[in-house]
Structure formats: structure tokens, C-alpha cells
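Asks: Requesting a structural model of the entry that follows:
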Amino acid sequence: WRRVRSTHLSGASYRCSASATASVTFTFTGTRVRWIGTRGRAFGRAMLSIDGHKAVVVDLYSASTAYRHILWDSGELASGSHVLRVAPTRKKTAAATGYTVGVDRFDALVP
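Replies: As a prediction, the model looks like this:
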């Protein structure tokens, strides 16, 4: 994961990767989690799973750049400890120019 700096981002930076062998995990205790990041032309698709359940694909492509965007929301979860995993797929929509997957931040709702 490489670091990208920009004043448009939470904390002025985020981490990104396009490698299919990269992944990031976020462990939290709460009832809901949101993945916050950037959508844009150079962004591809990510696999996301929570607590080891079946992964979903999240497409990060957008014709215009959107910073600090809610990329995924878990909805209501059982109260307790959870693990969120995000990984680049090295796949993209035809219009995308790259495969980048970025993590600006995760927001966990703690009861």
C-alpha cells in the first residue's frame, strides 16, 4: 500500500494499492461500519468481506473524482467485535484507466 497525500482526504492522506495480493483489515467493536474513500477514473474494483462472510465487489470507478465518499456501508450488525477486509481485484470497468483501490478511513458506529 502506498501513501497518497492530498488536502481533499481525511487526515490529508490515504493508502492505496492495485496489487491483487494486497489487502487491509479493520477490526472494530460496534454495530455498523462504513468504508470511506475516493472514486475516480483510475479506480478499479475491490472485494470486501466482513467477519469472513461471502465477499462483495465494490466498483470504485466514477467519471469524476469524489473524495471522502461512502464506498460501502455494512448496515446494522450484531453488537460485538467484527473484522472488515478490503482487497484489490485487478479488475475494472471498461471506462476505468486503472485498478487502484484506496482506503481513506473506516468509520465504526459504537453503541
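Asks: from here on, contacts and neighbour counts on C-alpha atoms
Replies: OK.
Asks: Report the contact partners of Arg68.
Replies: By C-alpha atoms under 8 Å, 6 or more residues apart in numbering, Arg68 lies in contact with 8-10, 36-38, 104.
Asks: Please apply the same query to Thr7.
Replies: Ser13.
Asks: ok, the contacts of Arg68 vs His53, which is closest?
Replies: Of all these, His53 sits closest to Ile36, with 20.4 Å by C-alpha to C-alpha.
Asks: Of the contacts of Arg68, which qualify as buried by neighbour count?
Replies: By neighbour count, with 16 or more other C-alpha atoms under 10 Å, the contacts of Arg68 hold 9, 36-38, 104 as buried.
Asks: Reformat these as JSON lines; add distance to Gly44, pLDDT and secondary structure.
Replies: As requested, the buried ones among the contacts of Arg68 are exported to JSON lines (distance: C-alpha to C-alpha, whole Å; pLDDT from 0 to 100; DSSP: H, G, I helix; E, B strand; the rest coil):
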{"residue": "Leu9", "distance to Gly44": "19", "pLDDT": "88", "secondary structure": "coil"}
{"residue": "Ile36", "distance to Gly44": "15", "pLDDT": "96", "secondary structure": "strand"}
{"residue": "Gly37", "distance to Gly44": "12", "pLDDT": "94", "secondary structure": "strand"}
{"residue": "Thr38", "distance to Gly44": "11", "pLDDT": "94", "secondary structure": "strand"}
{"residue": "Asp104", "distance to Gly44": "15", "pLDDT": "94", "secondary structure": "coil"}
